[in-house]
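A.B. asks: No sequence on hand, only this structure:
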């Protein structure tokens, strides 16, 4: 078969369904013109500019992938079949070990295949892992402080039982992650302990190290920063082990990587695929080619919201899907109520069943690298890998010859994370990165799940934390929503204003349908003349009697008048305005001050 015939045989579309790029641009431009995003004079090709979004890392994410480049076949995900379903069990100080054990056993009975155990020197592993078959279920320790002691406790437990550990077990050393989290750790001692744990792990046939990139993610790092951090830390650990006498291949085989999976599907998939390419390049340069990279993906803790937490189920599902498609070897879905405290049994069941649904019912894990060949994903993977390598090199240069204990200065990296976090929070404040249930469609009447305090939440800067702080202390007074005209005339802006105010913990007293300024002022007096009022109506109604309404409301006692829309929509002075793109956080803070 010649090349032309082979190419034709791979075409799945019928001739009538085959379209050119110009045809797609024309059809897309027609839709954008109807919505007003393109004018009649704009070229159809401008749809790329209108629909391409820019990530926090400055990467362009196009609406469609085009076969303009060929992409390397190296370092693609190879896992085919079910991923390791891993549940998080906390045995940290303040968490009852017996309760944690009961949760672990229920998870294992429910199909979980490994345990991720958050522990410290006070954790009673004998109780927490009671009845857990450690030779069948891998255990990955997470003990930023006291890693050696916790590992020794685990080994003492298996010696007492007379059993072994599953080969997928990991002693979980990650001193760099602990230092980035600013935990009290002596770097030189920690690296010496890292080598000791590596020797211990090698002797019993398990892994020793987890490069936990969520240490950066939880502080607000971007995808590229997370990649750069993970590769730089992985290289630091390789150096430490090879200097201690390990071969590069053996050292690499002792390391596992952990990344955050968010509800941004394509960036998450691309990030995990890019991580494999970057680490493969490191191993190639280190003389350790062929050592498979093991990736554990965990749904992002910062993306979870404690308000309307049930939406977190959707976030976790998208994250797990993206991680599975991206080739993660193990996936942890954090329970939807994790932001509220220690999750309950229902939250844990839903979390583990997400993977069951994706694996057993949706067959997402049936083939290796299902996103491979998608031009959009391949391009984003290549872009992330290139940017991630630059971030890695930048860290390498900062750490070379650093005048700090342990030779690693984290200050510049923390500053870059802070800058990204500030950019993200600015977008959230302007609701350009909406958080459903928090900044969009909030429910002031909801009752939050009551959960015991979880120490793991103390490690995290959650997205939209400023809005959560406003909701934590609701405003004691309401805003009078001065609706102008019929329901049909004011409902759009009234809904917008109500949702915006609710995002700041502010309730509203709605006037309802009104015919003129006199009727509106009467309803305002009946509501008790609250100091803050917000006008909501159509542009036509604003022009007809908006100014009269403002005058009547001020005369009746209003001291702070807001208009839903642009301030020049009414021929009268207003004190504030709320429209699309407003800095919602600043607006809500100012409004609450006027209410107090």
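C.D. replies: Sure, I can see it. Fair warning: this is a prediction, and the values are worked out from it, not measured in the lab.
A.B. asks: which SS state does the spatially most distant residue from the centre of the chain fall under?
C.D. replies: Relative to the centre of the chain, the most outlying C-alpha is that of residue 518, 49.8 Å out, by CA atoms, centre = their mean. Going by DSSP: H, G, I helix; E, B strand; the rest coil, the secondary structure assigned to residue 518 is helix.
A.B. asks: residues contacting it?
C.D. replies: Going by CB atoms under 8 Å, 6 or more residues apart in numbering, residue 518 touches residue 552. C-beta coordinates here come from the backbone N, C-alpha and C atoms, glycine included.
A.B. asks: swap in the one 5 residues further on?
C.D. replies: Residue 523 is in contact with 511-512, 514, counting by CB under 8 Å, 6+ apart.
A.B. asks: Dump those residues to TSV, plus distance to residue 59 and neighbour count.
C.D. replies: As requested, those are exported to TSV (distance: CB to CB, whole Å; neighbours: other CB atoms under 10 Å):
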residue	distance to residue 59	neighbour count
511	47	25
512	48	13
514	49	24
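A.B. asks: Show the pLDDT at the residue farthest from the centre of the chain.
C.D. replies: Per-residue confidence (pLDDT) for residue 518: 95.
A.B. asks: What count of nearby residues applies to residue 271?
C.D. replies: Neighbours of residue 271 under the rule other CB atoms under 10 Å: 30.
A.B. asks: and what of residue 419?
C.D. replies: 14.
A.B. asks: Over to residue 288?
C.D. replies: If we define neighbours as other CB under 10 Å, then residue 288 has 19 of them.
A.B. asks: before we move on, what SS does it have?
C.D. replies: Secondary structure, three-state DSSP: residue 288 is coil.
A.B. asks: what pLDDT does it get?
C.D. replies: Note on residue 288: pLDDT of 93.
A.B. asks: now do residue 113
C.D. replies: We have a pLDDT of 97 for residue 113.
A.B. asks: What's the local residue count around it?
C.D. replies: Residue 113: 20 surrounding residues under other CB under 10 Å.
A.B. asks: So it is in contact with residue 84, correct?
C.D. replies: Yes. With contact defined as CB atoms under 8 Å, residue 113 and residue 84 form a contacting pair (5.1 Å).
A.B. asks: List the residues that are in contact with both of these two.
C.D. replies: Shared contacts of residue 113 and residue 84 (CB under 8 Å, 6+ apart): residue 138.
A.B. asks: mind listing what the closest residue to residue 546 other than its chain neighbours touches?
C.D. replies: In this structure, residue 546 finds its nearest non-sequential neighbour in residue 570, 3.7 Å apart by CB to CB, 6 or more residues apart in numbering. Applying CB under 8 Å, 6+ apart to residue 570 gives the contacts 535, 542-543, 546-547, 550, 563.
A.B. asks: least trustworthy helix or strand in the protein by mean pLDDT?
C.D. replies: Every helix and strand in the chain was compared by mean pLDDT, DSSP states H and E; the lowest is helix 3-9, with a mean of 51.
A.B. asks: elements contacting the helix or strand following that helix?
C.D. replies: Moving toward the C-terminus from helix 3-9, the next helix or strand (DSSP states H and E) is helix 21-34. Where contact means 3 or more CB pairs under 8 Å, 6 or more residues apart in numbering; DSSP states H and E, helix 21-34 is packed against helix 47-51.
A.B. asks: Show me what the helix it packs on is in contact with.
C.D. replies: The contact list for helix 47-51 (CB under 8 Å, 6+ apart) reads 25, 28-29, 32, 37-38, 62-63.
A.B. asks: mind running it again at 10 Å?
C.D. replies: 21, 24-32, 35, 37-38, 42-43, 60-64, 66 (CB atoms under 10 Å, 6 or more residues apart in numbering).
A.B. asks: Can you flag the buried ones in the residues you listed?
C.D. replies: Buried by 16 or more other CB atoms under 10 Å: 25, 28-29, 32, 38, 61, out of the contacts of helix 47-51.
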